[in-house]
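Peer 1: Following is a predicted model, sequence given first.
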Amino acid sequence: MLDPITSIGLAGNIVQFIDFSWGLLRETKDLYNSSEGTTADIDVLESISNNIIDFDDTLIAPSAAGAIPQQMRELASQCKEIAQELLLILDKRLERLRDQMQSRLQWMLFEKNSDIQRTLDKLVTENKNLNVDAMQGIEREYQAVQQALKQLQSESKLQTTALKATKQAIRQEAPVEAPTTPAWVDDMKDLFVKLSSLAKEVESTASDQMLLRSLYFKDIRTRETQVASSHEATFKWLLDPGSPTNVTEWLESQNGIFWVTGKPGSGKSTLMKYLVAHPHTMHLLRSWAGTRRLVTASFYFWHAGTTIQKSQEGLFRSLLYEILSKCPDLIHTVCRAKSATFRPFENEVEPWTLQELQQAIEQLPPHSEMQIQFCFFIDGLDEYDGHPDDIVKVLESLETLPNIKLCVSSRPWNEFLDAFGQDSHRYLALENLTREDIKGYVKDSLETNSRFALLKQRDARSQNLMDEIVEKASGVFLWVTLVTRSLLDGLRHADRISDLQRRLREFPETLEKYFKHIVFSIDGVYRGPTAESFTYVLEAANLSAEPISLLTFSFLDEDDLDGCITTTKTKPLRIEDISIREEDMRRRLNGRCKGLLEVLKGTMNPEKKTYDFLATKDMQSMLKSNLKPDFKPLVHLCKAYLAQLKAIDYRQLTPNQEQLGTELLEDMLFYARAIELKLGVSPITLLDEAELLVTRQKKFFSGFLKAGTSFVFLPFLIKRELHLYVNEVLRKRPQLEPRDSSALLEVAVDPSETKYFDATYDPKMIAILLENGASHEQAWSDLLKSLATQRALGDNEKNETRLQVVELFLRHGADPQHRVTTSETTRGPRQDSGRAADLYKRSSVRSETASAYEIITVAFGEEKARRLLGQARIKKKSFLSKMMFWGSG
């Protein structure tokens with residue numbers, strides 16, 4: 001089936017063919033009316049004949065050579081007969097072709113169920129999903145095509161009578177006046193131009209959307225939405241003219257980096273969110289930008305989130321996505337190299353490398369002709385999953401780029417203090433500036449309580465109580481929130497001012513002491529389940545897994561989790577069952593964890609402060625003392641996801657829910673791999689159960705099944721790096737079928753990105769497959785083609801991985817002289833003259849090949865190539881020596 005862009009292009013070709021044929025008809029009439037065939041007439045006929053032949057070649061076999069007649073004068077003597085035949089056929093068929101083309105275009109462009117309309121609707125929807133407003137070009141070209149088609153329909157009706165009269169005159173051999181080009185022919189040319197423009201615009205928009213989708217990731221805005229919004233009166237001082245900081249001056253007129261720092265819990269993330277969203281921030285930045293266009297983007301590092309939420313990759317992808325969504329006209333200049341590899345309407349694109357992302361960011365400022373100023377807001381540098389010096393270098397590199405400035409926030413670690421804290425005009429320490437904000441928050445929180453309002457009327461100590469809270473807070477907003485909550489609980493129980501003062505003075509003075517107080521106040525009955533809950537959350541955070549959902553927690557909390565994964569005891573969950581489970585689990589966790597775990601969008605998330613506290617040695621020791629000796633959190637998590645998979649009522653899933661099973665299976669396999677890495681064993685029984693389920697419900701797991709081999713589930717475990725399990729399965733099948741051994745290795749050398757794994761080679765898995773006798777001929781070809789087409793990687797780790805993979809193949813007998821096709825070059829169309837020149841698209845394809853040695857040399861350099869191939873020869877010589885020894889025995 002043709003894709004919609006090709007359909008539009010084909011419509012344009014048909015229009016151009018009709019235009020060409022009309023010209024042919026006119027020239028044939030001129031020649032027919034001539035009394036004798038002059039040399040000029042014969043040349044015209046020869047040109048027409050050549051064009052016909054070339055055009056026929058193009059329609060039938062673009063790669064075939066044109067068959068040009070040798071005796072053109074013989075054709076000239078038959079001109080009268082040919083002309084009559086052409087005229088009798090062409091006037092009928094051209095008119096019919098024109099009418100058919102009009103009606104078909106009418107349906108394509110106006111019928112809502114046509115491929116083109118569905119494609120345009122899809123592009124509009126996708127633009128909305130990506131927050132892009134870039135349909136103006138398509139709408140403009142689309143309306144132009146509609147108008148041109150209406151004009152053509154109007155003109156073609158007027159021309160029908162004239163064509164019939166011309167045909168009658170020719171049949172009667174009456175002189176025919178050389179026809180003038182009818183108006184509809186010009187309309188056809190105009191329609192062709194507009195169809196071509198529409199096709200290009202649709203293709204360009206589709207390519208832009210693919211690029212934006214490749215930058216987008218599911219949790220791109222999760223942390224930002226979870227950051228608490230500021231209290232109504234909080235941070236107003238920040239952007240006032242009399243602000244005690246230099247933030248307004250920096251926003252309005254200065255460059256470089258501005259640093260927001262503060263103690264844990266002082267409200268840094270809330271301030272950053274306030275700055276990003278406040279209209280006055282944009283007003284000040286527009287003054288800085290002057291006549292240039294202003295573009296802002298933000299990113300919030302999150303230590304408790306997934307890997308990408310605390311990485312450089314996440315930072316760059318988020319910034320680029322936001323910038324290019326706002327400025328789609330930048331896509332082709334900033335990401336020219338990457339977008340060149342995209343093909344419209346294909347779902348699979350090669351993942352971005354860190355080097356590609358950095359290069360794209362660096363391409364923003366050089367295009368000064370676009371007159372853009374960029375300001376980035378980056379929160380939580382201390383939550384970056386790497387050494388602080390690394391992220392400092394990234395930010396300092398961005399700072400050197402023209403037209404870019406950054407506002408960043410972090411705790412006052414030494415690395416950040418050294419990098420950003422040397423200029424007192426370029427940073428603010430939040431805890432020193434929020435006294436009035438805290439006072440306002442305490443006042444609003446307490447005085448809006450009716451019981452406190454009555455106490456205030458009767459007891460003057462109420463004001464002293466509020467002042468004491470402000471003094472004890474030391475600028476830490478989170479502590480104020482917690483102590484205020486405690487006082488409101490007291491008011492609910494009719495506490496007096498003296499009772500409230502005692503509550504305040506007994507309340508832990510620091511967050512760490514508060515956390516300890518909460519943990520040690522947990523009811524003894526709940527100590528074990530609470531320790532388990534905290535441990536699950538820590539394991540997920542440490543592994544950068546998805547936050548654990550309430551439903552998953554409900555299975556972890558089952559008395560008989562093993563029973564939930566046995567076929568005989570599994571019952572499908574109804575919607576009402578899920579709601580009950582989630583609400584029960586919410587209440588249990590709230591009672592056990594005393595608010596230290598926060599429920600956000602149905603998942604349990606520890607704040608950075610809570611995570612840091614739970615990860616301390618003292619807390620780890622305390623948690624361990626309350627756990628059973630045989631408690632294995634990773635195994636329990638793996639079982640809980642399998643139990644959910646088996647509890648799904650697949651018959652009741654809506655189209656929007658069909659990916660639920662795939663998501664849960666990815667989580668289960670992720671923890672299965674963690675078990676292999678941490679415990680040194682594979683959860684074979686659990687994975688076997690998963691295979692049975694996936695095979696049984698294959699409609700919902702099509703991406704996890706591979707046809708054409710006896711292993712339908714194993715290929716996808718290969719991509720999830722389950723080394724021990726794959727090795728065990730292959731060990732039980734020592735004699736692999738050729739199709740199986742080849743297919744498994746082909747999967748391993750075709751890396752693709754999954755939920756938890758990057759698109760990189762896994763040398764250990766490839767070694768397991770080769771050691772178990774996998775046939776490597778096709779996989780070796782695939783690997784060499786991939787090496788030949790990949791650009792040089794700046795990532796040394798990935799280069800080293802590729803080198804290891806090549807070495808493994810060579811050590812297992814791969815042919816270093818094996819040749820593969822490395823590129824195919826299409827020659828452009830021949831430059832012809834004549835009426836069909838524009839339609840003539842004959843091209844040829846030339847293939848280029850290279851040997852494994854040549855490809856390896858280009859990829860890794862001559863020195864490494866010699867070393868690799870030298871080792872391969874030693875291996876081969878050793879193998880032959882053994883064969884000779886065995887033969888002599």
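Peer 2: Yep, it's here. Numbering: from 1, shown residues only.
Peer 1: What's the local residue count around residue 449?
Peer 2: Residue 449 sits with 17 neighbouring residues when counted by other C-beta atoms under 10 Å. Just so you know, the C-beta spots here come from the backbone N, C-alpha and C atoms, and that holds for glycine as well.
Peer 1: now residue 310
Peer 2: Should you count by other C-beta under 10 Å, residue 310 turns out to have 22 residues around it.
Peer 1: And the pLDDT at the nearest residue to it once chain neighbours are set aside?
Peer 2: Residue nearest to residue 310 in three dimensions, not counting chain neighbours: residue 385, with 4.0 Å by C-beta to C-beta, 6 or more residues apart in numbering. Here the pLDDT value assigned to residue 385 is 89.
Peer 1: Tell me the secondary structure at the nearest residue to residue 564 once chain neighbours are set aside.
Peer 2: If the residues on either side of it in the chain are set aside, residue 564 comes closest to residue 643, at 3.9 Å by C-beta to C-beta, 6+ apart. In terms of secondary structure, residue 643 is helix; the call rests on DSSP: H, G, I helix; E, B strand; the rest coil.
Peer 1: mind listing what the residue nearest to residue 310 touches?
Peer 2: Contacts were defined as C-beta atoms under 8 Å, 6 or more residues apart in numbering; by that measure residue 385 touches 303, 307, 310-311, 544.
Peer 1: Mind doing that once more with 10 Å?
Peer 2: Contacts here follow C-beta atoms under 10 Å, 6 or more residues apart in numbering; on that basis residue 385 touches 301-303, 305, 307-312, 314, 391, 544.
Peer 1: Then residue 676?
Peer 2: 634, 682-683, 721-725.
Peer 1: swap the cut-off to 7 Å and go again
Peer 2: Residues in contact with residue 676, defined by C-beta atoms under 7 Å, 6 or more residues apart in numbering, are 682, 722-724.
Peer 1: ok, those vs residue 552, which is closest?
Peer 2: When the contacts of residue 676 are ranked by distance to residue 552 (C-beta to C-beta), residue 722 comes first, at 20.6 Å.
Peer 1: So the closest one sits against residue 671, correct?
Peer 2: No - under the criterion of C-beta atoms under 7 Å, residue 722 is not in contact with residue 671, lying 11.0 Å apart.
Peer 1: give me the element residue 269 is part of.
Peer 2: helix 268-277 (DSSP states H and E).
Peer 1: Can you give me the buried ones in the helix or strand that comes right after that helix?
Peer 2: Sequence order places helix 279-289 as the next helix or strand after helix 268-277, per DSSP H and E. Judged by neighbour count using 16 or more other C-beta atoms under 10 Å, the buried positions of helix 279-289 are 281, 284-285, 288-289.
Peer 1: The residue nearest to residue 310 falls within a strand, correct?
Peer 2: No - remark: residue 385 does not belong to a strand; assigned using three-state DSSP, it is coil.
Peer 1: Tell me how far it lies from residue 399.
Peer 2: Relative to residue 399, residue 385 is positioned 22 Å away (criterion: C-beta to C-beta, to the nearest Å).
Peer 1: before we move on, what SS does residue 378 have?
Peer 2: Under the three-state scheme (three-state DSSP), the conformation of residue 378 reads as strand.
Peer 1: ok, it - contacts?
Peer 2: By C-beta under 7 Å, 6+ apart, the residues touching residue 378 are 299, 315, 406, 408.
Peer 1: let's see 6 Å
Peer 2: Taking C-beta atoms under 6 Å, 6 or more residues apart in numbering, we find residue 378 in contact with 299, 408.
Peer 1: Please apply the same query to the one 5 residues further on.
Peer 2: Contact criterion C-beta under 6 Å, 6+ apart gives 301-303, 310 as the residues in contact with residue 383.
Peer 1: Return the subset of these lying in helices.
Peer 2: Judged by DSSP state H, helices contain none of these.
Peer 1: Tell me which two of the residues you listed sit farthest apart.
Peer 2: That would be 301 and 303, which, of the contacts of residue 383, are the farthest apart (C-beta to C-beta) at 7.2 Å.
Peer 1: now the strands for the chain?
Peer 2: Shown for the chain, the strands assigned by DSSP state E span residues 257-261, 293-300, 372-379, 404-410, 427-429, 597-600, 603-606, 819-826, 845-851.
Peer 1: Direction included, what does the first one pair up with?
Peer 2: Note on strand 257-261: by DSSP bridges, its sheet partners are strand 404-410 (parallel), strand 427-429 (parallel).
Peer 1: Show residues contacting the last one.
Peer 2: The contact list for strand 427-429 (C-beta under 6 Å, 6+ apart) reads 245, 259-261, 420-421.
Peer 1: which one of those residues is nearest residue 433?
Peer 2: The shortest gap between residue 433 and any of these belongs to residue 245, at 6.9 Å (C-beta to C-beta).
Peer 1: burial count for that closest one?
Peer 2: Using other C-beta under 10 Å, the number of residues around residue 245 comes to 20.
Peer 1: Now do the residue lying closest to it once chain neighbours are set aside, the pLDDT please.
Peer 2: When the adjacent residues along the chain are set aside, residue 245 lies closest to residue 428, with 4.5 Å between them (C-beta to C-beta, 6+ apart). According to the prediction, residue 428 has pLDDT 93.
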